[in-house]
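**Student:** Okay, here's the prediction I keep looking at, along with the sequence it came from:
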Amino acid sequence: MQNELKKEPTGKAKGGKARAAKMSPEERKEASQKMVKAKAEIATLPKVMAGSKDDPLKIGEIELECYVLDDEEQTRVLTTTGLATGLGWSQNGVGSRLALFGEGKQFNPFVSKEITQVLDAPIKFRTPTNSTAFGYPATLLVELCEALLSARDKGILRTQQAHIAKRAELLMRGFARVGIVALVDEATGYQRIRERNALAKILEAFVAKELQPWVHTFQPDYYEQMCRLRGIPYPPQKRNFPAYFGTLTNKIVYDRLAPGLRDELKATAAKSSRRGRLHQHLTQEIGHPRLREHLSSVIAVMKLSSDYEDFEGKFEIVHPDLNPQKD
């Protein structure tokens, strides 16, 4: 026992001890007071009474991190990340996107003062691991979807927002179907005997097949590394990537998956009534899994490269061009 008490601290504890040793008595006292105050604040926060990060609401490939809190309303919350995922946003810049609804003129006619107040006051709560997190009432996702659809009906959405409105439409239709099923189950008492996650499965069955084409395939890591290798800021100004990124993507992605694939995808897209990016015309059974696997490899090589020239050399070794005659 005595030997255990004499053990040197490791990890964060060791770092904390080292920092404390460099502080004056006054600084240590101030740090201690801040810690006590922070712990006292955390103790007053609502905590999770149901839900887990490892058990999100799943809709196809989309996972919405959600919880029920132990406050008076038993608030159902989506984490900030969960809300962004629901609307088809990347996790980067979520705050600026939400500001469009709360402060931006574009959505002002479609967002009530009550919703603006909700946007301005995210809920801080304690997670099951006793850390802190921020979220919004789950109903906010519905409200934002309605705002997007109203803006679309008035013809004021920007071109790059069209796919988000499409996702909002699909989610709203799915939520409506699940809502009536839940009401019938409550009225009949079936909710007590239905299997766990039954409503989520109904939502997934209704939405997933239509929603699948809008799931982000090219993750932020891909664009972040591309910007780094090309020596431009990330995210770029006005959040628009250079047009030549499309040419580079053709060369390092579609020309490396299968011979003649890019031409075939373009031909398929030209015949389709649904406009979209090339990857939306890949098959779900083979094409998409192969693309995701390839992108993981691309990003790994990117992270190992110092600049784009270095990347090209390493990439040619790992993934030789399958269409050498193509520009």
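**Tutor:** Ah, there it is.
**Student:** For L261, which non-adjacent residue is spatially closest?
**Tutor:** Setting aside the residues directly before and after it, L261 is nearest to Y254 in space (C-beta to C-beta, 6 or more residues apart in numbering), at 5.6 Å. C-beta here means a position set from N, CA and C on the backbone, and glycine is covered the same way.
**Student:** For the stretch 201-327 of the chain, which segments are assigned as helices?
**Tutor:** The residue ranges that make up the helices of the stretch 201-327 of the chain, judged by DSSP state H, counting those that start in this stretch, are 220-230, 244-249, 255-257, 261-271, 287-303, 308-318.
**Student:** can you pull the buried residues of the last one?
**Tutor:** Of the residues in helix 308-318, those buried by neighbour count under the rule 16 or more other C-beta atoms under 10 Å are Y308, F311, F315.
**Student:** quick one: low-confidence parts of the stretch 1-150 of the chain?
**Tutor:** Within the stretch 1-150 of the chain, the ranges that satisfy pLDDT under 70 run 1-21, 23, 29, 31-33, 36, 38, 60-61, 90-93, 103-104.
**Student:** please redo it, this time with the cut-off set to 80
**Tutor:** In the prediction, the stretch 1-150 of the chain carries residues with pLDDT under 80 at positions 1-42, 58-63, 88-100, 102-106.
**Student:** Now do the helices in it.
**Tutor:** 2-5, 11-22, 25-44, 80-86, 94-102, 113-120, 139-153.
**Student:** what's the last one packed up against?
**Tutor:** Right, the one you point to is helix 139-153. Here helix 139-153 touches strand 76-79, helix 80-86, helix 113-120, helix 162-188, going by 3 or more C-beta pairs under 8 Å, 6 or more residues apart in numbering; DSSP states H and E.
**Student:** In a markdown table, list these along with mean neighbour count and distance to G246.
**Tutor:** Converted to a markdown table, the helices and strands packed on helix 139-153 look like this (neighbours: other C-beta atoms under 10 Å; distance: least, C-beta to C-beta, whole Å):
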| stretch | mean neighbour count | distance to G246 |
| --- | --- | --- |
| strand 76-79 | 22 | 33 |
| helix 80-86 | 22 | 25 |
| helix 113-120 | 14 | 34 |
| helix 162-188 | 16 | 17 |
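**Student:** Tell me how the chain divides into domains.
**Tutor:** The chain is divided into the following domains under automatic domain parsing: 50-212, 220-318.
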